[in-house]
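In: Provide a 3D model corresponding to the input given below.
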Amino acid sequence: MFLPEYTITSKIIRNISDAEYARAVIENTPILPSWEKQLKKETRIRTVSALLKLSGITFDASEVKKYVDGLLSNVSPEMSNVSEALDELAKSSRANTLDEDRLKHLYETVSGTKRSAYRGKRIEGKVSPEEILAKLVQFFDWLATRNAMESHPLIIAAIVKACLEIVQPFENYNQIASSLMAEIYLKTSGYHFGGYVSIIDYYQKSGGEYEQLINSLGLRGIDFTEWVEYFTEGFAIESMNAKEKVKLLSRDTKVAKATGRAKLSDRQERIVEYLQDYSILQNKDFGRVFPDVSEDTVLRQLKVLMDRGIVVKRGSTKSSRYELK
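Out: The predicted structure is shown next:
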């Protein structure tokens, strides 16, 4: 039977306390819907980029941003598959469970195949191919025990990530699969911070520490304490950063409500969101931002925003540029 060993250190307690504090602020501080979308989009962009890097695939951040905005015409299958997996994460709820079928389906989505056979090659320091199924069954059985369900979600998410890294069930994409399974656990445990926080980007920021800790893990006779400390610290840092962003945007929200900016239509919100991201909107961009809307309609929405003092127009005729005031 699998039973992870770890010690609840003062560092872990402090990290969880910081995360809980940030969670309380985030969940109780109202911000404009446009800012909510913006924060979620920023998190998604960073997460997609970080997941791809975990598999040695690097895209320029601007490409990922354009893809998320639907402005990239030539999309790589890797980027599309990872993004589809994140869509499934977003749909996860408390009714969902983490099990072997969920892991296989996630792998199929990330890899873009309908074949989720387990690894047949031996990897030094990892579970042998013959033991993969048994180790996964033991792990998922433990995940459904009272011991796991009564532990803090951050601790269990850390162990989810670590155990799947130890097993390395597939030939490839294991780091993506293990990272997303940990994120799904947090989401289904109600611990997702509105979609503003993801620890996956932290793995890249912390450099060699992540690789060193992951590579040092082993399934037998292992103490997860050091890894749990790292995981909870990363989540605490990311959640505190998100908390500060929310607090700043709440001030903007108060100003927006006072000036009437909070009462924008969906199209007007889309224009503001685009300008927040790309600074300038020109006539030639209308078709990409609003593929099913006429140019006259977009111009009318821009006029409303100009009349409200939110957007300013520079230049004239077809060379006009629109910017946030």
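In: excluding its backbone neighbours, what's nearest residue 320?
Out: Ranked by CB to CB, 6 or more residues apart in numbering and with sequence neighbours excluded, the top spatial neighbour of residue 320 is residue 313, at 5.7 Å. From N, CA and C alone the C-beta is placed, and that goes for glycine too.
In: the one you found contacts residue 322, doesn't it?
Out: Yes - if you go by CB atoms under 8 Å, residue 313 and residue 322 touch, sitting 5.6 Å apart.
In: so between those two, which is more surrounded?
Out: A direct count of neighbours by other CB atoms under 10 Å for residue 313 and residue 322 places residue 322 higher, at 22 against 14.
In: quick one: residues contacting residue 267.
Out: Residues near residue 267 by CB atoms under 8 Å, 6 or more residues apart in numbering: 290, 293, 297-298, 301.
In: distance of it relative to residue 249?
Out: Separation of residue 267 from residue 249 (CB to CB, to the nearest Å) stands at 21 Å.
In: next: residue 308.
Out: Noted for residue 308: a distance of 19 Å to residue 249, by CB to CB.
In: could you do residue 183 as well?
Out: Distance, residue 183 to residue 249, by CB to CB: 23 Å.
In: between the two, who's got more neighbours?
Out: Counted by other CB under 10 Å, residue 183 and residue 249 do not tie: residue 183 has more neighbours, with 25 against 20.
In: list the contacts of that one.
Out: With CB under 8 Å, 6+ apart, residue 183 has these contacts: 89, 157, 198-200.
In: for the residue nearest to residue 250 when sequence neighbours are not counted, what are its contacts?
Out: Spatial nearest neighbour of residue 250, excluding adjacent residues (CB to CB, 6+ apart): residue 29 at 4.9 Å. Taking CB under 8 Å, 6+ apart, we find residue 29 in contact with 246-247, 250.
In: which of the residues you listed has the most neighbours?
Out: Within the contacts of residue 29, neighbour counts (other CB under 10 Å) peak at residue 246, which reaches 24 neighbours.
In: just confirm that residue is within a helix.
Out: Yes - applying DSSP: H, G, I helix; E, B strand; the rest coil, one finds residue 246 inside a helix.
In: so what's it up against?
Out: By CB under 8 Å, 6+ apart, the neighbours of residue 246 are 25-26, 29, 31, 39, 196.
In: apply 7 Å and report the result again.
Out: Counting by CB atoms under 7 Å, 6 or more residues apart in numbering, residue 246 makes contact with 25-26, 29, 31.
In: low-confidence regions, the stretch 151-300 of the chain specifically.
Out: Applying pLDDT under 70 to the stretch 151-300 of the chain flags residues 218-221, 252-262.
In: can you give me the strands for it?
Out: 281-282 (DSSP state E, counting those that start in this stretch).
In: what ranges do the helices span in the stretch 201-325 of the chain?
Out: Secondary structure of the stretch 201-325 of the chain (DSSP state H, counting those that start in this stretch): helices at 208-216, 225-259, 266-278, 286-289, 295-307.
In: can you put these in CSV and add distance to residue 83?
Out: CSV is the format used below for the helices of the stretch 201-325 of the chain (distance: least, CB to CB, whole Å):
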stretch, distance to residue 83
helix 208-216, 22
helix 225-259, 20
helix 266-278, 17
helix 286-289, 18
helix 295-307, 27
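In: tell me which of these sits nearest to residue 68.
Out: helix 266-278 (9.7 Å; CB to CB).
In: quick one: the closest one to helix 295-307, angle?
Out: 70 degrees (axes from the mean of the first three to the mean of the last three CA atoms, to 10 degrees).
In: so how far is whichever strand or helix holds residue 36 from its chain's centroid?
Out: According to DSSP states H and E, residue 36 maps onto helix 33-54. In this view, helix 33-54 has its centroid 6 Å away from the chain centroid, taken as CA atoms, centre = their mean, to the nearest Å.
In: got the angle between it and helix 266-278?
Out: Using the same axes, to 10 degrees: helix 33-54 against helix 266-278 is 50 degrees.
In: list the buried residues for helix 33-54?
Out: 34-36, 38-39, 41-54 (16 or more other CB atoms under 10 Å).
In: helices and strands around it, which ones?
Out: helix 61-68, helix 77-91, helix 174-188, helix 200-205, helix 225-259, helix 266-278 (3 or more CB pairs under 7 Å, 6 or more residues apart in numbering; DSSP states H and E).
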